[in-house]
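Engineer: what shape does this take:
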Amino acid sequence: MNQIVMYGASWCADCRRSKNLLDSKGTEYEFIDIDTVAGAADKVAEINDGRKSIPTIVFPDGGVLVEPSNDELSAYLAKV
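Structural biologist: As a prediction, the model looks like this:
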């Protein structure tokens with residue numbers, strides 16, 4: 001994987017907030033809607049030890065943020 005992948009859903013306020021932050025920083029990422037992409041919800045559960053917590057953001061360096069605040073997401077983006 002060589003780009004950020006964000007698992008989320010259109011109805012999720014935290015997902016919209018994280019997307020807005022990524023967009024405002026001009027960060028390229030792939031958004032995968034767990035409600036419309038087959039197997040995506042299962043992948044989120046696999047990443048999160050059985051929990052389907054969104055947004056789950058996976059970074060090219062192997063890092064994962066789950067339901068991050070804007071400050072947490074901004075800090076991670078600054079170091080990658």
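Engineer: what's the neighbour count on the nearest residue to D33 once chain neighbours are set aside?
Structural biologist: Take D33 and drop its neighbours on the chain: the residue closest to it by CB to CB, 6 or more residues apart in numbering is A9, 5.8 Å away. From N, CA and C alone the C-beta is placed, and that goes for glycine too. A count of neighbours around A9, defined by other CB atoms under 10 Å, yields 20.
Engineer: now A9: how far from P55?
Structural biologist: 9 Å (CB to CB, to the nearest Å).
Engineer: check contacts around T27.
Structural biologist: I4, L77 (CB atoms under 8 Å, 6 or more residues apart in numbering).
Engineer: overlap in contacts, A9 and P55.
Structural biologist: Contacts common to A9 and P55, judged by CB under 8 Å, 6+ apart, are C15.
Engineer: which residues touch the longest helix seen in the chain?
Structural biologist: Secondary structure of the chain per DSSP state H: the longest helix is helix 13-24. Applying CB under 8 Å, 6+ apart, the contact partners of helix 13-24 are 4, 6, 8-10, 29, 31, 54-55, 57, 67-68, 70, 73-74, 77.
Engineer: now the residues you listed: which count as buried?
Structural biologist: The neighbour count (16 or more other CB atoms under 10 Å) marks I4, M6, G8, A9, Y29, F31, I54, P55, I57, P68, L73, L77 as buried among the contacts of helix 13-24.
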